[in-house]
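Undergrad: just the structure for this:
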Amino acid sequence: MIIIENLVKKYGDFYALNGLSFEVNENEIFGLLGPNGAGKTTLIHILATLLKPTEGGAIVNGFDVLHDATKVRGSIGVVFQAPSSDDMLTGYENLKVHALLYGIPRKIRERRISEVLKLVGLEERKNDQVKKYSGGMRRRLEIARGLLHHPRVFFLDEPTLGLDPQSRNTMWTYIKKIVREEKVTIILTTHYMEEADMLCDRIGFISNGKIIALDSPSRLKQEIGGDIVKITFTNGIHSAKDFTHFEFVHRVEQNENSVIIYMDEVNSNLHRLIKDLEDVQSIEYKKPTLNDVFLKFSGDSLSGDSPEGGFMQRYAEYKRS
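TA: So this is what the prediction gives:
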């Protein structure tokens, strides 16, 4: 559905995008993850024909973003981070205005408005002013608006940013429903790792304008090499070599007073690992996350306030020290 070939965007000597090449399959949810400034928004703006690349090109739904911009725009829907619905209009009125702008024929306009309202669960609130909507309802209305003209590709930029956990879970349900019922390909950006893990068929990690890893969430996490155990010692330096002889240990990273061990089946093997240790102060354990994947490939965390928090944040600080 999307083909990106050697895409470059420069501002002076600065590369916002630096040779991106990958493809997005039809009817998949493709996650684009990376820290602020990595190039995610620049890429979406190019694919949506809002920016022109410096070099390279892209095909969206069979149309070239440079030479067939009008056809590309007719093929896509976009929901950006900033709210853009009119607060004084009702949900229905917002959709009708945009249906007119999209040029949806009168004979199907009302039916289509009803379809998208039902799709996002706003039928009963369609005649309420948008200023009375919750944050989650506003986002759902904007998703409905972007689907009015039956786009083949749908860009969702941080669709659950600022929502409470319950509203976020509700939004996930609707996003999955959209792919199933509308048969669209979704490009999703997010800083919530559990969101990407839950929704995305594949994920591309972008850093400094380059794709540094691309695969399904499960395969990306397999790259870490097992479960993650951090052992902190009371007596300072402890040799990482003490753990490398175990057949279930993939690798060991050493700090001044701790070691981080990547291993298989921690529930079965941890007792063997610590059996003869006498100076253990604490043991922390976690399953690998997508943030760990980004740490492995980039050496930095996706965000300082990542939802994983705790050990992951402290580990990120350790990696940077």
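Undergrad: doesn't residue 7 make contact with residue 17?
TA: Yes: counting by C-beta atoms under 8 Å, residue 17 touches residue 7, with 5.3 Å between them. Yep, even glycine has a C-beta here, placed from its N, CA and C like the rest.
Undergrad: could you say which helix or strand contains residue 41?
TA: helix 40-47 (DSSP states H and E).
Undergrad: which residues does residue 6 contact?
TA: Residues near residue 6 by C-beta atoms under 8 Å, 6 or more residues apart in numbering: 19-21, 55-57.
Undergrad: re earlier: okay, now the sheet partners of the helix or strand just after the helix holding residue 41, with direction.
TA: Sequence-wise, the next helix or strand downstream of helix 40-47 (DSSP H and E) is strand 55-60. Sheet pairing here is set by DSSP bridges, and for strand 55-60 it gives strand 2-11 (antiparallel), strand 63-64 (antiparallel).
Undergrad: so between residue 17 and residue 7, which is more surrounded?
TA: Shown here are residue 17 and residue 7; by other C-beta atoms under 10 Å, residue 17 has more neighbours (27 against 24).
Undergrad: partner residues bridging the more buried one?
TA: According to DSSP bridges, beta-bridge pairing links residue 17 with residue 9.
Undergrad: mind checking how far it is from residue 63?
TA: Residue 17 sits 20 Å away from residue 63, taking C-beta to C-beta, to the nearest Å as the criterion.
Undergrad: cool, and residue 110?
TA: Taking C-beta to C-beta, one finds residue 110 at 29 Å from residue 63.
Undergrad: more neighbours, these two?
TA: Neighbour count, other C-beta under 10 Å: between residue 110 and residue 63, residue 63 has more, with 20 against 13.
Undergrad: how near is that one to residue 259?
TA: Residue 63 is 53 Å from residue 259, by C-beta to C-beta.
Undergrad: what packs against the one helix or strand residue 74 maps to?
TA: Assessed by DSSP H and E, residue 74 sits inside helix 69-75. Helix 69-75 is packed against strand 63-64, with contacts defined by 3 or more C-beta pairs under 8 Å, 6 or more residues apart in numbering; DSSP states H and E.
Undergrad: give me the distance from the strand it packs on to the chain's centre.
TA: Centre-to-centre, strand 63-64 and its host chain are 25 Å apart (C-alpha atoms, centre = their mean, to the nearest Å).
Undergrad: what's in contact with it?
TA: Here strand 63-64 has contacts from 57-58, 71-72, 75, using C-beta under 8 Å, 6+ apart.
Undergrad: adding distance to residue 220, neighbour count and pLDDT, write these out as TSV.
TA: Below are the contacts of strand 63-64 laid out as TSV (distance: C-beta to C-beta, whole Å; neighbours: other C-beta atoms under 10 Å; pLDDT from 0 to 100):
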residue	distance to residue 220	neighbour count	pLDDT
57	27	16	95
58	23	22	97
71	34	15	95
72	29	22	96
75	29	19	94
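Undergrad: wait, which of the residues you listed is closest to residue 294?
TA: residue 58 (24.0 Å; C-beta to C-beta).
Undergrad: hmm, residue 8 and that closest one touching each other?
TA: No: at 11.3 Å, residue 58 does not count as touching residue 8 under the criterion of C-beta under 8 Å.
Undergrad: let me know the pLDDT of residue 197.
TA: Residue-level confidence at residue 197 comes out at 91, pLDDT.
Undergrad: ok so it is a strand residue?
TA: No: according to DSSP: H, G, I helix; E, B strand; the rest coil, residue 197 belongs to no strand; its state is helix.
Undergrad: how about the strands in the stretch 151-300 of the chain?
TA: Applying DSSP state E, counting those that start in this stretch to the stretch 151-300 of the chain gives strands spanning 153-157, 185-189, 202-207, 210-215, 227-233, 249-254, 258-263, 280-286.
Undergrad: redo those strands as JSON lines? Include distance to residue 178 and mean neighbour count.
TA: Formatted as JSON lines, the strands of the stretch 151-300 of the chain follow (distance: least, C-beta to C-beta, whole Å; neighbours: other C-beta atoms under 10 Å):
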{"stretch": "strand 153-157", "distance to residue 178": "7", "mean neighbour count": "23"}
{"stretch": "strand 185-189", "distance to residue 178": "7", "mean neighbour count": "24"}
{"stretch": "strand 202-207", "distance to residue 178": "17", "mean neighbour count": "23"}
{"stretch": "strand 210-215", "distance to residue 178": "23", "mean neighbour count": "17"}
{"stretch": "strand 227-233", "distance to residue 178": "34", "mean neighbour count": "20"}
{"stretch": "strand 249-254", "distance to residue 178": "39", "mean neighbour count": "16"}
{"stretch": "strand 258-263", "distance to residue 178": "37", "mean neighbour count": "21"}
{"stretch": "strand 280-286", "distance to residue 178": "32", "mean neighbour count": "14"}
